[in-house]
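Engineer: let me see the structure of the following:
(chains A and B)
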Amino acid sequence: DAKTTQPNSMESNEEEPVHLPCNHSTISGTDYIHWYRQLPSQGPEYVIHGLTSNVNNRMASLAIAEDRKSSTLILHRATLRDAAVYYCILRDPRPDSNYKLTFGKGTLLTVNP
Amino acid sequence: EPEVTQTPSHQVTQMGQEVILRCVPISNHLYFYWYRQILGQKVEFLVSFYNNEISEKSEIFDDQFSVERPDGSNFTLKIRSTKLEDSAMYFCASSPGRRNSPLHFGNGTRLTVT
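Structural biologist: Below is the predicted model of the structure:
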């Protein structure tokens, strides 16, 4: 599986935007970029995904670099409930694997009141 | 919104005992997965399952592990003879089956082996 690199931790203040970076320099043309998060004592939760174009949904925005070697997850106004580990994942493109996810260590986001 | 449910939330067992962890995936989903997370470590893939067969398994998923979909709704993970190092959170997930459809995870079963 292609790998991603994320900062171990980041801090933000409540109601401010947060930009969570991810590097994936070995990404291939068919790899989709997925973001999940894991709140304390919960299972991982889907956030957003994209291929080439920037994407928006009710939770976040995903900005993908033109060369696709990096991406940024944007939380427009962080709340205390957004404190979690955020995972940037290149989804396995093989149907044989049922397109499984392979998690790295992610970025632990702390949100200060 | 439909959820993946897992039972029990916490299971304590003695080393060498068999445990069965249960999951009810979302009803129209086709792909099923088990992951585990040892305390303080990464979420690790164990196995994926489709059409009543294992699609892929990791090195962790050795002969002590098995999965089953006994009745078309439940999806179980059995560990035949538990070891201390099997202590972890075990997460079940399901997805509708399309390439980019999200995985939906349950909130896990905490397995403690003493």
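
Engineer: okay, now the nearest residue to A:S41 once chain neighbours are set aside: neighbour count?
Structural biologist: Spatial nearest neighbour of A:S41, excluding adjacent residues (C-beta to C-beta, 6 or more residues apart in numbering or on different chains): B:N107 at 7.7 Å. C-beta here means a position set from N, CA and C on the backbone, and glycine is covered the same way. For B:N107, the neighbour count with other C-beta atoms under 10 Å in any protein chain shown is 17.

Engineer: pretty sure B:N107 contacts A:G43?
Structural biologist: Yes: applying C-beta atoms under 8 Å as the test, B:N107 and A:G43 come out as touching, 5.1 Å apart.

Engineer: okay, B:K57 and A:D92: tell me how far apart.
Structural biologist: 14 Å (C-beta to C-beta, to the nearest Å).

Engineer: between these two, who's got more neighbours?
Structural biologist: A count of neighbours by other C-beta under 10 Å puts A:D92 above the other of B:K57 and A:D92, at 21 against 17.

Engineer: OK, contacts around the nearest residue to that one once chain neighbours are set aside?
Structural biologist: Computed as C-beta to C-beta, 6+ apart, the closest residue to A:D92 that is not its neighbour in sequence is A:K100, at 5.0 Å. For A:K100, the contact set (C-beta atoms under 8 Å, 6 or more residues apart in numbering or on different chains) comprises A:92, B:33, B:45, B:48, B:56.

Engineer: which residues does the third one bridge with?
Structural biologist: Read it as B:F45. B:Y35 (DSSP bridges).

Engineer: quick one: it from B:S87, how far?
Structural biologist: 18 Å.

Engineer: what parts of chain B come near chain A?
Structural biologist: Within chain B, the positions near chain A by C-beta under 8 Å from any C-beta of the partner chain are B:4, B:31, B:33, B:35, B:42-45, B:48-50, B:55-56, B:91, B:93, B:95, B:97, B:99-100, B:102-108.
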